[in-house]
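**Student:** Sharing a model that was predicted from the sequence below.
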Amino acid sequence: MTDLDPYAYVEDRSPGTGRLRPRAAFATDLPTIALDGDWRFRLASGLDDLTGDLAAPEFDDSAWDLLAVPSCWQMTGLPGKPRYGAPAYTNILYPFPVDPPRVPRQNPTGEYRREFDVPDGFPASTAVLRFEGVDSAFAVWLNGIRLGDGKGSRLTTEFDASTALRPGRNVLAVRVHQWSSGSYLEDQDMWWLSGIFRSVSVTARGVEDFFVHAAYDHTTGQGTLAVDVTAPTPVTLSVPELGISGVDPAGPHLIDSIEPWSDEQPRLYAGELLSETGERIPLRIGFRTVAVVDGVLTANGSPISLRGVNRHEWHPLTGRTLTEDTMLTDVLLMKRHNINAVRTSHYPPDHRFLDLCDEHGLWVFCEGDLETHGFEPGGWRRNPSDDPAWREAYLDRTERLVERDKNHPSVVVWSLGNESGTGANLAASAAWIRQRDNSRPIHYEGDWASCAYVDLYSRMYIGVDELAAVGRGQEAPTADPADDAHRRALPAVLCEYGHAMGTGPGGLSEYHQVIEAHPRLAGGFIWEWIDHGIARITGQEDPRTFYAYGGDFGEEVHDGNFVADGLLFPDRTPSPGLVEYKKVIEPVRIRIDPAARQIDVRNLHHVRDSGYLDFRWTVEDGGEPMGCGILTVPVTAPGGTATVAWPADVTDALDAARKNDSGHEVWLTVTAVLAADESWAEAGHEIAWGQGLVMAPAAAPVPFTPAPAITHDGYVALGPARFDARTGLLTRLGDLELDGPRLDIWRAPLDNDLLSAFGEPQADAWFAAGLHRMRHDVLSVEPDVSGLTVIARLAAAGSSSGLGVVYHWTACDTSHADQARLRLETVVTPDGPWPVPLPRLGVAMSLPGTDADVEWFGPGPGEAYRDSRTAARVGRHRSTVSAMQISHVRPQENGNRHQVRHARITTPDGTLLITGNPVIDLTVRPWSTEALTAATHQHDLVRDGSLHLHLDHAHHGLGSAACGPGPSAPDVLAAVTTAFGVEFGSSR
Ligand code: GAL
């Protein structure tokens, strides 16, 4: 900083001035003054609009607004509150011209002031002022004295406050600039938000820092503990549980029979550092050793499989400011969904999150606050990663990452950052880590083509075939043979895959089959944990909450709803994608072999035996319970499989089902649940399940005497049904009014249809072919003595290709309308070339109503699609049309129930019975596909008085094309001649 330009620090590349050296985040019993709460705040439009005497203690700020610290200043504007600036979302692009290190002169700047009292006796001579997160650059004055400035938004910055702090009234002034040179290093795919968004405190400093080294030797069961302490006075270490009391922390202390720390058994030993001056620092020590052995990532001697997620910090009301409760919610939701690993994409999280990972057991890839992706569109020209002028900034960020989080047993890998190209500054950062902490492998995906300075071969969004090649060690060679040899010896990890945007992701089970087949594959992390939707309320009349995304704040450049690509919806409701992931990654696999009458339980844990689980069985006949009980399964070691014969009770239940002769499917379901409470879930929580069809219904056809179709004035009567004589559409079944069915091939495009990381989005081809505007032309309606045949053609204006369709209706002749069955056989024949797959293939119809009870027998209870159906289990399920809708931030096709055998839809007017022949996919919505296609936010969807029913023979797969591969070949729905059947009935 110079007198000429007091704001030079904003644009210079320096990471800061006046700061203390980085150190671990730790608790101490020395006094601390928390400065969270309301601060005085003013938002200046730029450097020309600053408050001259901001820092002066006597400055009168009483007219200024109050703003909570911590908070992001753009996450304001809720009813009755002022709004400061606006959030802006870009994925890759910088929201300003790329001219590093310069940023716009119109640089919104938050001016913060806070008065606080320092109690008598506070040890001011050791006072430290700590900021845990300020976005993006800031300068600090205490009682008018400038302490320094800093950058590195998601990193802790500490200043020496000893000379400026005084007893009694103190005034802290902080100037926070929205943009700075640091913004070039913080181009993560997320909202641009600013302010003091993590806690601020003044704390007394005694022990400066310490580094806990707690290793575990799996061959001897011994732990080694050494704590490097930096302190002005001598410090001793105690770990009472280990018989360690008042010893020199440096040790090393060798301890026999240590219980190691792992995700599965996060054993922490409580310890304490005690300084000569009486300062006490609690420790939570987890012994574990992470190593690459023969190209495999291991912890405590056994290979680990990362079943992970990428987690950004997000809350729909507060942005990147989270409470500890929210952090705990995330950890518990992860653990309850079988997730065992987190990549802290793409910055170090609030340090309390890591405490929770230590406590409940999650492997953490702790990532640096670094991304320069916005240089890629310019061919990486002027990328800071390879520019010596930025070296100090890179090293500073890396040091602050490692120093802050080095004592967490959960942190097993350091990740340099994300998508920052390659370059000497990254190599230097890796080299710095190696000399400071060689106990953890180093990750950085951006260097995948050479892997010159990393310890893991990391890839994102590759398809299963390429993943399998990597698993076999057969990936394409690197340019440099030395790098190639190095890379081939590395374990591989998918740092991002399974892009969870909108409905999907599809294909997760395929990935996991490959991962489980190759020891080199250490698993991966789904992109990403949570949708970053911002809660907003529509206008005054009939206010409705919705989630805003990119473009909703008038941004000049933005990436729309690409910010909503998580396994959780913004309010942390699990999406169907998370439910699917939980099943795909279950740590025990239960397989039922009906022929052999036995059950296999395979333990996929790496250290935990299966003794913590209870197994339960149920036999259901057409969804009706016939028996249930406890299944005794011998405890299996990790990697082992137990095979048990069905207990006699299961056979009894089957005999009862056989006697029942219901004509339904009989399924045996075995679940594995927690036998006792864990820190993260209660006893009874389900971990895994398996199902087997143990009795298939006899295939004997029910007698069917066809009724004649009789033409009346304007309609055709067929058994209990009436059809429009001109259109051939079903208008009535018993007492139920109906409209349809018509052949339907359109689905409201998924994000995975609309976007494509590789090549043209699928939906472009669909729109070009006019699949969203197909016309249904009826060519003939022919009643006869055995039923009704309707011939139609589905085609788009301007297109010579179409789909010919024959609807063949038959009805069973009976005098009881309630038993009457109406059968539809649909035959679809492509006419002309059909180079594009179909979005769906089925029939659509509607009936009056705004909601209905829906009951079905088949997979459920949640939605399922052909490439995302692992989590659906066969049974009798009950829901309502309302509850079956999945509220994606951007509305799209959702809520399909896959392979339904039969269903009942009950409205106040009666019940529609549907039977698949043998199965049919079922979707019911209170709005049309057209409305769903047109909607951009949830509040655009309005019930239109009809229930829109889709009965589909098949859907095109979901895939993960929004960022990754589309559906694999077997899940592509080609237009070929297809016949499918469904039966209808009605009752009151
Ligand atoms: C990756 C990137 C993530 C995110 C994702 C797409 O390339 O690392 O930050 O942008 O794509 O959602």
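**Tutor:** Alright, I've got the coordinates.

**Student:** Torsion angles phi and psi at whatever residue of the stretch 551-700 of the chain ends up closest to the ligand?
**Tutor:** The shortest separation between the stretch 551-700 of the chain and the ligand is 5.0 Å, found at residue 565 (distances taken as Cβ to the nearest ligand atom). Using the backbone N, CA and C atoms, a C-beta is placed for each residue, glycine as well. Dihedral angles of residue 565 (phi, psi; degrees, to the nearest 10) stand at phi -140, psi 50.

**Student:** What of residue 379?
**Tutor:** With angles defined as degrees, to the nearest 10, residue 379 sits at phi 70, psi 30.

**Student:** and the gap between it and the ligand?
**Tutor:** With distances defined as Cβ to the nearest ligand atom, to the nearest Å, the gap from residue 379 to the ligand amounts to 17 Å.

**Student:** same deal with residue 980?
**Tutor:** Between residue 980 and the ligand the computed distance is 36 Å (Cβ to the nearest ligand atom).

**Student:** which SSE is that residue in?
**Tutor:** Residue 980 belongs to strand 978-987 when assigned by DSSP states H and E.

**Student:** which other helices and strands contact that strand?
**Tutor:** Using 3 or more Cβ pairs under 8 Å, 6 or more residues apart in numbering; DSSP states H and E as the contact definition, the elements that strand 978-987 packs against are strand 730-733, strand 822-831, strand 840-848, strand 910-925, strand 946-955.

**Student:** quick one: buried residues of it?
**Tutor:** For strand 978-987, the buried set under the neighbour-count rule, 16 or more other Cβ atoms under 10 Å, comprises 978, 980, 981, 982, 983, 984, 985, 986, 987.

**Student:** and the fifth one, how far is that from residue 666?
**Tutor:** Which is residue 983. Using Cβ to Cβ, to the nearest Å, one obtains 22 Å as the distance from residue 983 to residue 666.

**Student:** Over to the first one?
**Tutor:** Here the distance between residue 978 and residue 666 works out to 30 Å (Cβ to Cβ).

**Student:** again with residue 213
**Tutor:** Following Cβ to Cβ, the distance that separates residue 213 from residue 666 is 57 Å.

**Student:** picking up where we left off before, any idea how many residues pack against the residue of the stretch 551-700 of the chain closest to the ligand?
**Tutor:** By other Cβ atoms under 10 Å, 28 other residues sit near residue 565.

**Student:** How about the contacts made by it?
**Tutor:** By Cβ atoms under 8 Å, 6 or more residues apart in numbering, the contact set of residue 565 is 499, 500, 501, 502, 527, 528, 531, 751, 962, 963.

**Student:** The closest residue to residue 773 other than its chain neighbours: what's it in contact with?
**Tutor:** What sits nearest to residue 773 in space, not counting adjacent residues and going by Cβ to Cβ, 6 or more residues apart in numbering, is residue 796, at 5.5 Å. The contact partners of residue 796, taken as Cβ under 8 Å, 6+ apart, are 769, 770, 771, 773, 774, 775.

**Student:** repeat that with 10 Å
**Tutor:** The neighbourhood of residue 796, defined by Cβ atoms under 10 Å, 6 or more residues apart in numbering, consists of 768, 769, 770, 771, 772, 773, 774, 775, 802.

**Student:** Assumed the fifth one was part of a helix.
**Tutor:** It stands for residue 772. Yes - assigned with DSSP: H, G, I helix; E, B strand; the rest coil, residue 772 falls within a helix.

**Student:** Verify the stated contact: it with residue 749.
**Tutor:** Yes - here residue 772 reaches residue 749: they are 8.3 Å apart, a contact under Cβ atoms under 10 Å.

**Student:** The two: which is more packed in?
**Tutor:** Applying other Cβ under 10 Å to residue 772 and residue 749 shows that residue 749 carries more neighbours, namely 25 against 18.

**Student:** What distance do you get for that one to residue 838?
**Tutor:** 13 Å.

**Student:** Repeat that for residue 90.
**Tutor:** Residue 90 is 34 Å from residue 838, by Cβ to Cβ.

**Student:** quick one, which of these two is more surrounded?
**Tutor:** Taking residue 90 and residue 838 together and counting by other Cβ under 10 Å, residue 838 has the greater number of neighbours (27 against 22).

**Student:** Would you enumerate the residues in contact with the more buried one?
**Tutor:** Listed by Cβ under 10 Å, 6+ apart, the contact set of residue 838 reads 744-747, 766, 769, 771, 803, 828, 830, 953-956, 972-976, 978.

**Student:** now swap in residue 362 and tell me
**Tutor:** Taking Cβ under 10 Å, 6+ apart as the definition of contact, the neighbours of residue 362 are 263, 266, 306, 308-309, 311, 330-331, 334-335, 339-342, 353-354, 356, 410, 412, 680.

**Student:** In strands, which of the residues you listed appear?
**Tutor:** 306, 308, 309, 341, 342, 412 (DSSP state E).

**Student:** Nearest to the ligand within the stretch 751-900 of the chain, name that residue for me.
**Tutor:** When distances are taken as Cβ to the nearest ligand atom, the stretch 751-900 of the chain approaches the ligand most closely through residue 757, which lies 8.1 Å from it.

**Student:** Just the element for that residue, please.
**Tutor:** With elements delineated by DSSP H and E, residue 757 resides in a region that no helix or strand encompasses.

**Student:** cool, and residue 739?
**Tutor:** Using DSSP H and E, residue 739 falls in strand 736-744.

**Student:** What strands line up against that strand, and which way round?
**Tutor:** Each strand that pairs with strand 736-744, with its direction, by DSSP bridges: strand 730-733 (antiparallel), strand 840-848 (antiparallel).

**Student:** Show me what counts as buried in the last one.
**Tutor:** I take that to be strand 840-848. Those would be 840, 841, 842, 843, 844, 845, 846, 847, for strand 840-848 by 16+ other Cβ under 10 Å.
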